[in-house]
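> quick one: sequence and predicted model below, then my questions.
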Amino acid sequence: MSRKEENRTITKDGQLLLEKAHRDGVVTAWDRHEAQQPHCGYCEMGLSCRICVMGPCRIDPFKEGPQVGVCGADADIIVARNLGRMIAAGAASHSDHGRDLVEVLENVALGKGEGYGIKDEAKLKKVAAEYGISAEGKDVRMIAGELAHAMQEDYGTRKKALTLISRAPEKRRDIWKKLGIVPRGIDRETSEMMHRTHMGVDNDWVSILLHAMRNALSDGWGGSLIASEVSDILFGTPQPKPTSANVGVLKEDQVNIIVHGHNPVVSEMVLLAAGSDALLDLAVEKGAKGINVAGVCCTGNELLMRHGVPMAGNHLTTELVLATGAVEMMIVDYQCIMPSLGTVASCYHTKMISTSDKAKFPGMEHREFYPDNAREMAQTLVKEAVENYGRRGEIYLPVAPVDAVGGFSVEAILGALGGTPGPLLDAIKAGKIRGAAGVVGCNNPKIKQDYGHVTLIRRLIENDILVVDTGCAAVATAKAGLKTAEAARFAGPGLQEICGALKIPPVLHMGSCVDNVRILVLASALADALGTDISDLPIAGAAPEWYSEKAAAIGTYFVASGVYTVLGPMPPITGSMNVVKLLTQGLNDVVGATFAVEPDPEKAAVLIRRHIEVKREKLGLSSVKV
Ligand code: SF4
Ligand code: MSK
């Protein structure tokens, strides 16, 4: 093993596959990251502006060159506008994903979309009631239709406030009202951010950042929440299920299909097709023992949460998994799918398939999915994957999979607690659990793969902080063996006792990127039970290896909802000390929470522990000095 591989990822499968990829002449994200060095300093600081064609403009951070762009925008305005647009892109991505699910719900209501249906009727009725839709005298399809319509209205501009913000504690909603940042329409807030940041519109950097929070809230309490809830309604609300993780989940003697992206609409149909007798018979005929569907990234997380489908890896594993030579087909939907994948796959026999009209890629065959053709299309693709099995060359599966448990929806967590957050609050009050942290987000070649997630989370659980995680962070801890009940041995004595009593892991998998809203809903339930606000709770958020615009939106809706959030990689804001100070200090007086930036996970753990102890003290609970 060369030093280089060890410096790129802490995972054994990653290190060995990186070596293999290099032997095969495959260029990976790490190589391309190296080739990009040094990154542009202006861009890293958020000081370059390409908004209009009088520019592009740059602000000289050393104060020797221009301090304003052609239009007169200074560093504060340029940094705030850039950050605002980043958050808008993230909010748009999650929310558009939510819209696609609402359209499937609408199709189900109309009796279309063969293969789709309502799996969680109780949740359908519960969410419908939140939208003021009565279930009385109506059949399931009628309720689904009315709910789909009401949700579509949340996307538009007809309301003064999004429906589901009613789930936030009253004190929190009052803060938003006072600040004028109650999210009104999901699409409206993103559209308004693009408007505000056009040249010559909002040139008050504070006002831009306030709207950035409203925009992010339209994601967290709007688009993402709708995505998560409708996924549960259509495909079932997750309950704890055993699963496994790392590239060892691929099977030497089976047809392997990897699903990648975020939206479960395609992958649910692929899974259904892979279980069909006719296709299993065909697989046997072709010499395979079965058909193995495994995931990467958040489409993988969606299937893992609901079906226990194994997880081959997270963001930086998406190229490496192809280097196993064992993937017959990779089927992608959208988000976090590197455009390099088609090139990597061309070194092997893997067939690459794109499925969404809004996400096409070089080197992939495009086979569009609609609710109406999804079932049939999935069968066609699985058949093609089976037929591709015979084209396999040498395969390399150098590790055994690691056991894990996934599926901790809010309903599942409250279920494990006996139906109420009471026992969890009692454990927090007694100091057995000091508090809780939500660790989320991606991989980023700027940080050794999984090092940020795993180190931070180990330190937190060692110190009796219960961790819930999502996205690629959740895959990192699954690979590291922290997601089994036995992993409680890595926790401090108090957390160990609680995990033992409830038979749960110390790190609970809460789902995909849109499922970060499950963390908000859980935090609201805890705050309501205590009669307080989210910002008073001994909780924190972290995104130790984030890379994406979506993560910027998530971090912002966490903070705007009152959750102190520690980022690993620095966002492009250091060109404006005013913006940095507002986000890391000033917001405390505004929304009761701030961002912190700390790339070293050991130090990030100290920040979170300190924050949790301060909150405990303020609640009159026992506290220790960190
Ligand atoms: Fe330059 Fe202003 Fe145009 Fe940005 S908006 S490119 S700072 S002129
Ligand atoms: S997939 S947004 S790399 S978590 Fe949700 Fe992972 Fe981040 Fe994509």
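Everything's here; your move. Ligands and ions are numbered 1, 2, ... in the order given.
> host element of the closest residue to residue 149 other than its chain neighbours?
Computed as C-beta to C-beta, 6 or more residues apart in numbering, the closest residue to residue 149 that is not its neighbour in sequence is residue 106, at 7.5 Å. Any C-beta I mention is one placed from the backbone N, CA and C, and that applies to glycine too. Assessed by DSSP states H and E, residue 106 sits inside helix 75-109.
> tell me which residues of the next helix or strand after that helix are tucked away?
Using DSSP H and E, the helix or strand that directly follows helix 75-109 along the chain is helix 121-130. Using 16 or more other C-beta atoms under 10 Å as the test for burial, helix 121-130 gives 123, 124, 125, 127, 128.
> again with stretch 190-200
By neighbour count with 16+ other C-beta under 10 Å, stretch 190-200 contains the buried residues 190, 192, 193, 196, 197, 199.
> contacts for it?
Residues from elsewhere that reach stretch 190-200, judged by C-beta atoms under 8 Å, 6 or more residues apart in numbering: 51-52, 54, 71, 73, 81, 84-85, 87-88, 91-92, 95, 201-202, 207-208, 211-212, 215, 218.
> could you redo the last one with a cut-off of 7 Å?
By C-beta atoms under 7 Å, 6 or more residues apart in numbering, the residues outside stretch 190-200 that reach it are 51-52, 71, 81, 84-85, 88, 91-92, 201-202, 208, 211-212, 215.
> same question for the helix holding residue 106, mean pLDDT?
Regarding helix 75-109, the rounded mean pLDDT is 98.
> close to ligand 1: what parts of the chain are there?
Contacts of the chain with ligand 1, taken as C-beta under 6 Å from any ligand atom, map to 49-52, 54-57, 69-71, 73, 78, 199.
> pretty sure the residue nearest to residue 149 is touching residue 150, no?
No - Residue 106 is beyond contact range of residue 150, at 11.1 Å (criterion: C-beta atoms under 7 Å).
> just checking, residue 620 is part of a strand?
No - Residue 620 sits outside any strand when classified using DSSP: H, G, I helix; E, B strand; the rest coil, being coil.
> which phi and psi does it have?
Main-chain dihedrals, residue 620, degrees, to the nearest 10: phi 80, psi 20.
> can you tell me how far residue 571 sits from residue 553?
Note on residue 571: its distance to residue 553, by C-beta to C-beta, to the nearest Å, is 12 Å.
> so which of these two has more stuff around it?
The neighbour comparison of residue 571 against residue 553 (other C-beta atoms under 10 Å) goes to residue 553, with 32 against 23.
> find the nearest non-adjacent residue to residue 327, please.
residue 350 (4.6 Å).
> mind listing what that neighbour touches?
Counting by C-beta under 7 Å, 6+ apart, residue 350 touches 322, 327, 328, 329, 330.
> quick revisit: looking at the contacts of stretch 190-200, spot the one nearest residue 261.
Distance to residue 261, by C-beta to C-beta, is smallest for residue 92 among the contacts of stretch 190-200, at 16.0 Å.
> the closest one: neighbour count?
Residues near residue 92, counting by other C-beta under 10 Å, number 24.
> ok, now which ones touch residue 29?
Taking C-beta under 7 Å, 6+ apart as the test, what residue 29 contacts is 316, 319, 338, 445.
> again, only this time at 8 Å
Taking C-beta under 8 Å, 6+ apart, one finds 316, 319, 338, 340, 445 in contact with residue 29.
> turn those into JSON lines, columns for pLDDT and secondary structure.
Formatted as JSON lines, the contacts of residue 29 follow (pLDDT from 0 to 100; DSSP: H, G, I helix; E, B strand; the rest coil):
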{"residue": "316", "pLDDT": "98", "secondary structure": "helix"}
{"residue": "319", "pLDDT": "98", "secondary structure": "coil"}
{"residue": "338", "pLDDT": "98", "secondary structure": "coil"}
{"residue": "340", "pLDDT": "98", "secondary structure": "coil"}
{"residue": "445", "pLDDT": "98", "secondary structure": "coil"}
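> from the opening residue of stretch 445-457 to its closing one, how far?
Using C-alpha to C-alpha, to the nearest Å, one end of stretch 445-457 lies 19 Å from the other.
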